[in-house]
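> Need the 3D shape of this:
(one chain, ligands or ions: 1)
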Amino acid sequence: MQLDLDVTGRAVLVLGTARGTRLAVARLVRGGARVTLVATDAGAPPGPDPSAPFRVVRAPDADDSSRLLRLLGPAWLVVSVDPPRALRERVEQLAARLRVLTTTQEPAAALGRVTLVGGGPGPTGLLTLEGAQALAAADVVFHDRLAPTDDLPDLAPSAELVDVGKTPYHHPVDQRSIEELLVDRARRGQSVVRLKGGDPFVFGRGGEEVLACLAAGVPVRVVPGVSSAVAVPASAGIPVTHRGLSHAFTVISGHQRPTEDELDALARLGGTVVVLMGVVNLEQIARGLVRAGLDPATPAAVVERGWSDSQRSTFSSLATLADDARRLQVASPAVVVIGDVVRLAADRADASLVLDGLPAWTAP
Ligand code: SAH
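Sure, this is the predicted structure:
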């Protein structure tokens, strides 16, 4: 069973190595506790904020009861992380006698690493459990504009949160600098999370970040995420495949205009075309697909700000989509879906409702 305790203003002892306790200390300090690290080694804490307000004392020997009692006397809670067993047992005995609460916490990772986490399309519920675990164990999180950030302070309670958000065509922190930041922090022994919207490997430059870590000799992991390519159409009720209507879907980036060859291939393949980053070049893409042979009456939709309160779905046809989008001032982030599957949602577009935070539909 897990209990949440309010530690504001409480005196808390944390027992263990400076490295192993760093996440527990950071979290308690952030929670407003008066923290004393009872350090079983002389290492300097590599935590996010070395100037954080907490006291460090050298741990007494396990048989030094008088010093232990002096430490425990004013304490409200003792958190054992990775102290020697004899010391932990003695502290627990004395704490029980003094009615001081005790608990244990897993030590923070010893080896620096980078974890690329796919954050999904927005709601925290669509982040994976593995992704949430990586956040919970992070010293620092570098997050993007489209990454889910609303609940980050709770999901990553020990971490320094750094916004390296990119808006289209405007990169406040350029890609190389982000890679350097990841590598630098991991080399300092920190657990680094790079949190991205959707899936890190779908137009997310995650591959480049993995290569940069490998080139620097930094261990790197990837936690896949729910990609907007599938999830944003779903939020509007559009299945990207549907038996009898579409047995393929192609995800393209609209960031650069597709070539004539690419447009021809898309038109020949059939199935559903999903365009990410497609707002700017929407007209060229739609016209190009018609030129390449797709029926101008093919159903098409653009879904803006999927999974947010201000989500808007515009249903149209390939011939009219660009005009509709311009008239309605469709803006990024948006996912464009072209293909017969769009009709499945357009037919019941007015009947959407939300049940427990997820879009739901009833018969019109
Ligand atoms: N890695 C991401 C995609 C990054 S490219 C993923 O797998 O989802 C950024 C593009 O994704 C945006 O321009 C937009 O086309 C799309 N996108 C991401 N989140 C979105 C959302 N909540 N609503 C609509 N489009 C979104």
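> residues in contact with the closest residue to residue 312 other than its chain neighbours?
On the basis of Cβ to Cβ, 6 or more residues apart in numbering, the spatially nearest residue to residue 312 that is not a chain neighbour turns out to be residue 304, at 4.8 Å. C-betas here are computed from N, CA, C, even on glycine. With Cβ atoms under 8 Å, 6 or more residues apart in numbering as the criterion, the residues that contact residue 304 are 310, 311, 312, 313, 314, 330, 331, 332, 333, 334.
> Can you tell me the element the fifth one falls in?
Right, the one you point to is residue 314. Counting by DSSP states H and E, the element that carries residue 314 is strand 312-317.
> quick one: buried residues of that strand?
Within strand 312-317, the residues that count as buried by 16 or more other Cβ atoms under 10 Å are 313, 314, 315, 316, 317.
> can I get those in a markdown table with distance to residue 241 and pLDDT?
Formatted as a markdown table, the entries for the buried residues of strand 312-317 read as follows, by distance: Cβ to Cβ, whole Å; pLDDT from 0 to 100:
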| residue | distance to residue 241 | pLDDT |
| --- | --- | --- |
| 313 | 19 | 92 |
| 314 | 22 | 92 |
| 315 | 19 | 93 |
| 316 | 21 | 93 |
| 317 | 20 | 94 |
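> Name the nearest of the residues you listed relative to residue 251.
residue 313 (18.3 Å; Cβ to Cβ).
> Would you agree the closest one is in contact with residue 345?
Yes. Counting by Cβ atoms under 8 Å, residue 313 sits close enough to residue 345 to count as a contact (7.4 Å).
> overlap in contacts of these two?
What both residue 313 and residue 345 touch, as defined by Cβ under 8 Å, 6+ apart, is the set 236, 301.
> quick check, the strand holding residue 314 touching the ligand?
No. Looking at strand 312-317 against the ligand by Cβ under 6 Å from any ligand atom, there are no contacts, and the closest approach is 10.0 Å.
> which residues are contacting that strand?
Residues lying outside strand 312-317 but in contact with it, judged by Cβ under 8 Å, 6+ apart, are 236, 296-305, 321, 324-325, 328, 330, 342, 345-346, 349.
> Pick out the most distant pair among the contacts of residue 304.
Longest span within the contacts of residue 304, Cβ to Cβ: 313 and 332, 15.2 Å.
> Give me every residue in the stretch 201-350 of the chain lying close to the ligand.
202-204, 227-229, 232, 276-277, 303, 305-307, 332-335.
> Let me see the contact set for the closest residue to the ligand within the stretch 101-250 of the chain.
Taking Cβ to the nearest ligand atom as the measure, the stretch 101-250 of the chain has residue 198 as its residue closest to the ligand, at 1.9 Å. For residue 198, the residues meeting the contact criterion (Cβ under 8 Å, 6+ apart) are 118, 119, 120, 121, 146, 204, 225, 226, 227, 228, 229, 231.
> And the residue nearest the centre of the chain, what's its pLDDT?
Among the residues of the chain, the one closest to the centroid is residue 119, at 3.4 Å (Cα atoms, centre = their mean). In this prediction, residue 119 carries a pLDDT score of 96.
> Let me know whether it touches residue 130 as I believe.
No. In this structure, residue 119 is not within contact of residue 130 by Cβ under 8 Å, at 11.9 Å.
> about what we covered before: beta-bridge partners for the residue nearest to residue 312, please?
Beta-bridge pairing for residue 304 (DSSP bridges): residue 312, residue 334.
> which one is residue 201 nearest to, not counting chain neighbours?
Distances taken as Cβ to Cβ, 6+ apart place residue 207 nearest to residue 201, at 6.1 Å, with adjacent residues excluded.
> May I ask which helix or strand encompasses that neighbour?
Using DSSP H and E, the element containing residue 207 is helix 206-215.
> Output the contacting helices and strands for that helix.
In this structure, helix 206-215 makes packing contacts with strand 113-118, helix 175-187, strand 191-196, strand 220-223, judged by 3 or more Cβ pairs under 8 Å, 6 or more residues apart in numbering; DSSP states H and E.
> Now name the helix or strand holding residue 71.
Element membership of residue 71 [criterion: DSSP H and E] is helix 65-72.
> ok, the nearest residue to residue 113 once chain neighbours are set aside to residue 111 distance?
Nearest-residue entry for residue 113: residue 219, 4.4 Å, with adjacent residues in sequence omitted and distances by Cβ to Cβ, 6+ apart. Taking Cβ to Cβ, to the nearest Å as the measure, residue 219 and residue 111 are separated by 7 Å.
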